[in-house]
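Undergrad: Fold the following, please.
(one chain, ligands or ions: 1)
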Amino acid sequence: MSRLEVRGLTVGYEGGPVLHSVDVEVPHGELLAIVGPSGCGKTTLLRTIAGLLRARSGEIRIGQRMVTTHGIHLAPEKRRIGWVPQDAALFPHLTVAENVAFGMLAGRGSSRAARRAARSDEVRRLLDLVDLGQLADRAPGQLSGGQAQRVALARALAAGPELVLLDEPFGALDPMLRADLRASVRELLRTEGVTGILVTHDQAEALSIADHVAVLRGGEVLQLGTPEEVYQVPATPWVAGFVGDAVFLPGVLHGDEVATSIGRLRAVPVTDAAGLAPSDGDDVTVLIRPEELRVTPAGPGAPAEPAPGGAAGAAASAALDGTVTDVEYTGHDAMLAVSLADGMRLRARVTASGLVPRGTEVRLAVAGAVLAYRPETA
Ligand SMILES: Nc1ncnc2c1ncn2[C@@H]1O[C@H](COP(=O)(O)OP(=O)(O)OP(=O)(O)O)[C@@H](O)[C@H]1O
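TA: Numbers count the residues shown, from 1 in each chain. Below you'll find the predicted structure:
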């Protein structure tokens, strides 16, 4: 079983630590996506797990083997890790099959050994797995970007790794190819029973293919959870805004409601990393996802009461009357910018059937409970 466990990992370059006591776990056969702003330490974490960088402190365990701990630093080639870089990085003088065979030799081979191994059943099996059986004898220069990435994946799997690290492997591909390849990567890792870590700049990609998502900022893990947990109950307002569109409002908590400028909303207080939750009478930051704002045309036909569980009372409804000032249409849905009477602008997501033109008078309602954070929770 190749579960990955990273405990208290601190890593730095000459300028000081870049990762601060990072804890990460990936159960056997699962895929963890790591997201975070540029420079937060995603690649540093991958490189340290791969053994390319030495940790200042902390532990890394892959399956039963401790590969990094105080006084122990297992060499990269002994870690049984496959690496898929952003640019495939295939050997140009070897064919597709020979590149995969080179991976099978786990860094111990020569070009000649790779040429021999290229005819093996295992190389054929791997190429069929990535749908490239027909291109075994092609040179890397004759492949598309997506095909080259598939070869890189087959090469990474060829050595029978316990763990595959994917560093922005779809970054250079167009959106169609990207969606296609990420689905096959997910399926392949599952078929082969390999544990994986994917670094991506695409939050939607992370949420859609990973079993768990780790959100990194400034070298610290702010949240590690399932995609649903990270999106629906973000650990902090910053995480909420990083993984998706978010509307934030100031408010004051009163029992299970929060008083805001758009009325009283049903609220769930969020406990922060220090174990502190807002309590009665506290100022809070309220999070509403744009799809939780229901939009109906205003006027005589408009519903008198907002959606069940949302803003309560007629005063609240009036406060949620506004005008659509902008429409971002994306095909399957659209984001409406709605300016309220008090000048506040809220963003509401509607399905294509709920699309209204700019200038429409609308009434908003909040569906369900909102999350309430202590304002200090960044
Ligand atoms: N070889 C190095 N020497 C010194 N500092 C480095 C080195 N490599 C990276 N850094 C610094 O460490 C920090 C983390 O870099 P890292 O590449 O891990 O971030 P990242 O999250 O992968 O960024 P990106 O999303 O832009 O690829 C950055 O501040 C970077 O400048």
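
Undergrad: So Val350: helix, strand or coil?
TA: strand (DSSP: H, G, I helix; E, B strand; the rest coil).

Undergrad: Give the burial count for Ala334, as a bare number.
TA: Around Ala334 there are 17 other residues, counting by other Cβ atoms under 10 Å. Any C-beta I mention is one placed from the backbone N, CA and C, and that applies to glycine too.

Undergrad: pLDDT wise, what is Ala307 at?
TA: Note on Ala307: pLDDT of 46.

Undergrad: again but with Ala315, I slipped
TA: Reported pLDDT at Ala315 in the predicted model: 37.

Undergrad: for Arg186, same thing?
TA: 89.

Undergrad: Report the buried residues of the helix or strand harbouring it.
TA: Per DSSP states H and E: Arg186 is located in helix 175-192. Across helix 175-192, burial judged by 16 or more other Cβ atoms under 10 Å covers Leu177, Arg178, Leu181, Arg182, Ser184, Val185, Arg186, Leu188, Leu189.

Undergrad: Mind listing residues that contact it?
TA: Outside helix 175-192, the residues that touch it by Cβ atoms under 8 Å, 6 or more residues apart in numbering are 29, 31, 129-131, 144-146, 149-150, 153, 157, 164, 166, 169-170, 173, 195-196, 198, 205, 208-209.

Undergrad: Following it in sequence, what is the next regular element?
TA: By DSSP H and E, the next helix or strand past helix 175-192 is strand 195-199.

Undergrad: Low-confidence regions, the stretch 201-350 of the chain specifically.
TA: Scanning the stretch 201-350 of the chain for pLDDT under 70 picks out 299-319.

Undergrad: Where do the strands of it begin and end?
TA: For the stretch 201-350 of the chain, the strands defined by DSSP state E, counting those that start in this stretch cover 212-217, 220-225, 247-254, 257-260, 263-269, 283-288, 293-297, 321-329, 333-340, 345-351.

Undergrad: Of all those, which one is nearest the ligand?
TA: Proximity to the ligand (Cβ to the nearest ligand atom) singles out strand 212-217 among the strands of the stretch 201-350 of the chain, at 7.0 Å.

Undergrad: The closest residue in space to Leu207 that isn't next to it in sequence: how many residues sit nearby?
TA: The shortest distance from Leu207 to any residue other than its chain neighbours is 4.1 Å, reached at Pro227 (Cβ to Cβ, 6 or more residues apart in numbering). Per other Cβ under 10 Å, the neighbour tally for Pro227 reads 19.

Undergrad: Flag every buried residue along the host helix or strand of Val24.
TA: Here Val24, judged by DSSP H and E, is contained in strand 16-26. For strand 16-26, the neighbour count (16+ other Cβ under 10 Å) marks Val18, Leu19, Val22, Val24, Val26 as buried.

Undergrad: is it true that the last one touches Leu4?
TA: Yes: taking Cβ atoms under 8 Å as the definition, Val26 is a contact partner of Leu4 at 4.3 Å.

Undergrad: anything in contact with each of those two?
TA: Counting by Cβ under 8 Å, 6+ apart, the residues touching both Val26 and Leu4 are Leu32, Leu163, Thr195, Ile197.

Undergrad: Pretty sure the last one sits against Glu30.
TA: No: with contacts counted by Cβ under 8 Å, Ile197 stays clear of Glu30, the gap being 9.7 Å.

Undergrad: Which strand residues bridge Val24?
TA: The partner list for Val24 in beta bridges (DSSP bridges) reads Val6.
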